[in-house]
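Novice: Here is a sequence with its predicted model. Questions after.
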Amino acid sequence: MKSLLLGVMVFLFEKLFIFANFKMFNLTRKKNRVLHCYDSCNLKRGDLLEVPRTLFIHYGIYLGNNKVAHLMPDILPALSDNVCLIGKVVTNKRLILGVLAKVASVRVDTVQDFAYGRRIIVNHMDNSYNTKPYSNEDVALRAEKLVGATSYSLLWDNCEHFVTYCRYGIPMSFQTEKFCEMIKNIIRDQRSVLLSAAIGMASILYMGVGPSTTLPSFFITFTLWMAS
């Protein structure tokens, strides 16, 4: 029961992160190179590119010749072997389904397709990272070696982990850290214990007393109480 409860909580946290991993976790940007038109002449091979897309902040490594390597969750490779179809721009629907299925790959697209109609911010993370980046050529080579199918986790192995590994040698995600900090604050807040207890009592009153209602309500409330 303990392992089942832990698995359910991790599952819910990961799905919640789909919605939390939006612009609310966007770091303050100061003195960034921002490209509103996608002229690849302004980019250097090995640059770390950042694009605020519809539902999330997306990252990639510029490879030169108007090409970008980026890790994309995508459900289509799990459903089809059609290379031409898979090679088309990954839509938000394909991406979200890929997140849920944990199917991803490091793919190479044009700067225009990578940007998906959004502005590009260049090497913004250099201002936040204490580690000096590798040379641009080494960054690009590291990204090229990783092109292809890869594991994916919304929290622990996403596009931000990919670019930080390529550029700084350490896979990190500031957005994941902010999300985990938010969850930690929620758990520490004793009001969450009262809310959990109230929801548990409401579910028991509505659905009746039984293992499917009583045990989850008790364990979740007890866990929050012990962690607060």
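Specialist: Happy to help now that I have it. Residues are numbered from 1 along each chain as shown.
Novice: what sits against Ser151?
Specialist: Remark: with contacts taken as C-beta atoms under 8 Å, 6 or more residues apart in numbering, Ser151 is in contact with Lys102, Ala104, Asp157. Yep, even glycine has a C-beta here, placed from its N, CA and C like the rest.
Novice: so what's it scoring on pLDDT?
Specialist: Looking at Ser151, its pLDDT stands at 85.
Novice: Tell me the spacing between it and Val106.
Specialist: Computed as C-beta to C-beta, to the nearest Å, the Ser151 to Val106 distance reads 11 Å.
Novice: and if you look at His70?
Specialist: His70 is 7 Å from Val106, where distance means C-beta to C-beta.
Novice: Find the residues that touch each one of these two.
Specialist: Taking C-beta under 8 Å, 6+ apart as the contact criterion, the residues that touch both His70 and Val106 are Phe162.
Novice: Can you pick out the residue with more neighbours from the two?
Specialist: More neighbours surround His70 than the other of His70 and Val106, with 24 against 21 (other C-beta atoms under 10 Å).
Novice: residues contacting that one?
Specialist: Shown here is His70, whose contacts under the criterion C-beta under 8 Å, 6+ apart are His58, Tyr59, Gly60, Ile61, Val106, Arg107, Asp109, Phe114, Cys159, Phe162, Val163.
Novice: cool, Leu97 as well?
Specialist: Applying C-beta under 8 Å, 6+ apart, we find Leu97 in contact with Ile75.
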